[in-house]
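Asks: following is a predicted model, sequence given first.
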2 protein chains.
Amino acid sequence: MDKAARGQLVDLPVDECWQLLTTTPVGRIAWSTTSGPVVVPVNFVVDGRTIRIRTAAYSAMVQKADVERVAFQADHIDETSHSGWSVLARGRAEVRYGEPADAAGPEPWPRGPRSATVVIDVDEVTGRWLNPGER
Amino acid sequence: MDKAARGQLVDLPVDECWQLLTTTPVGRIAWSTTSGPVVVPVNFVVDGRTIRIRTAAYSAMVQKADVERVAFQADHIDETSHSGWSVLARGRAEVRYGEPADAAGPEPWPRGPRSATVVIDVDEVTGRWLNPGER
């Protein structure tokens, strides 16, 4: 690596952002409220240019995110080398009910009824890579 | 572990949420915009009941988060056992300039001038623990 690049943040191309999202099962969905944003970790799948999350029909995510613009963030950061990537995908969320179990969508890690699918129709993706810094 | 507890989400006491925040150097700050939330990973320190982040004076974080309610989220999730914790701290952010280098605050991992400190005065902390599910 070019020594001058150490510790620098580098913007990632959109295709690479989408590819990186397929490398981790866990990300975070964020929605806005009148008292500030809420950020919740979820497991997810990428399906085309959408992000799909299964959740309970009574969850705060379903109540607050439906038909709203939301953000989805995933990252992988190495705490030793101070390097890694982060991707932010933004778009409108839509809640669907009663999708068959074999539809594209992750098996949620928490147990319990998960009859709702939050589908984020992503229209903006940005990502950055942080090169390892000097040690 | 009680088998009935497998795969269950359990609310964490506030003190345990703060303690968990001291166990990881990286979290994510989120702020609201008219086009939805923005979520950005940062390294941080806990100082009393505040969270402190150093950044560049010209960063989007400084421009958008100052004097606004923001969210700060950290987690540690084991992708194999499907277990882990997540903490969400919310409060008002304030940007301070020119704090001495020895003030409480992390050394930012990206290189470059970092003359601003974002201090989140946390007034609400929630956290959850996900027990390992059946494998």
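Replies: Okay, I see it. Just so you know, these numbers come straight off a predicted model, no measurement behind them.
Asks: paired strands for the host helix or strand of A:R54, with orientation please.
Replies: Taking DSSP states H and E as the criterion, A:R54 maps to strand A:50-55. Strand A:50-55 has the following sheet partners, assigned by DSSP bridges: strand A:45-47 (antiparallel), strand A:116-130 (antiparallel).
Asks: deepest of these, which one?
Replies: strand A:116-130 (a mean of 19; mean count of other CB atoms under 10 Å in any protein chain shown). (Glycine included, C-beta is placed from N, CA and C.)
Asks: what's the single longest helix in chain A?
Replies: In chain A, assigned by DSSP state H, the helix with the most residues is helix A:14-21.
Asks: which outside residues touch that helix?
Replies: Outside helix A:14-21, the residues that touch it by CB atoms under 8 Å, 6 or more residues apart in numbering or on different chains are A:12, A:27, A:46, A:49, A:51, A:74, A:76, A:85, A:87, A:89, A:125-127.
Asks: cutoff 7 Å now
Replies: With contact meaning CB atoms under 7 Å, 6 or more residues apart in numbering or on different chains, helix A:14-21 is reached by A:V46, A:A74, A:W85, A:V87, A:V125, A:T126, A:G127.
Asks: ditto for stretch A:113-129
Replies: A:9-12, A:14, A:16-18, A:20, A:49-57, A:61-62, A:65, A:70, A:72, A:85-99, A:105, A:108.
Asks: buried members of those into PyMOL, please.
Replies: To isolate the buried members of those in PyMOL, using 16 or more other CB atoms under 10 Å in any protein chain shown:
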select buried, chain A and resi 12+17+18+20+50+51+52+53+54+55+61+62+65+70+72+85+86+87+88+89+90+91+92+93+95+105+108
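Asks: pull the distance from stretch A:24-39 to the chain's centre.
Replies: Offset of stretch A:24-39 from its chain centre (CA atoms, centre = their mean, to the nearest Å): 9 Å.
Asks: I'd say A:P132 and A:I77 touch.
Replies: No: under the criterion of CB atoms under 7 Å, A:P132 makes no contact with A:I77, lying 11.1 Å away.
Asks: how about the residues of chain A by chain B?
Replies: Residues of chain A lying close to chain B by CB under 7 Å from any CB of the partner chain are A:7-9, A:25-26, A:28, A:30-32, A:35-39, A:41, A:69-71, A:73, A:75, A:77, A:79, A:82, A:86, A:88, A:90, A:109-111, A:130, A:133.
Asks: could you pull out the strands for chain A?
Replies: A:9-11, A:26-33, A:36-43, A:45-47, A:50-55, A:69-78, A:83-97, A:116-130 (DSSP state E).
Asks: what are the contacting residues of the first one?
Replies: Applying CB under 7 Å, 6+ apart, the set of residues contacting strand A:9-11 from outside is A:R128, A:W129, A:L130, A:N131, B:P110.
Asks: repeat for the third one
Replies: Residues from elsewhere that reach strand A:36-43 (CB under 7 Å, 6+ apart): A:25-31, A:53, A:61, A:106, A:108-109, B:28, B:30-32, B:37, B:39, B:69-71, B:73, B:75, B:77, B:86, B:88, B:90.
Asks: report the angle between it and strand B:36-43.
Replies: Using axes from the mean of the first three to the mean of the last three CA atoms, to 10 degrees, one finds that strand A:36-43 and strand B:36-43 are set 70 degrees apart in direction.
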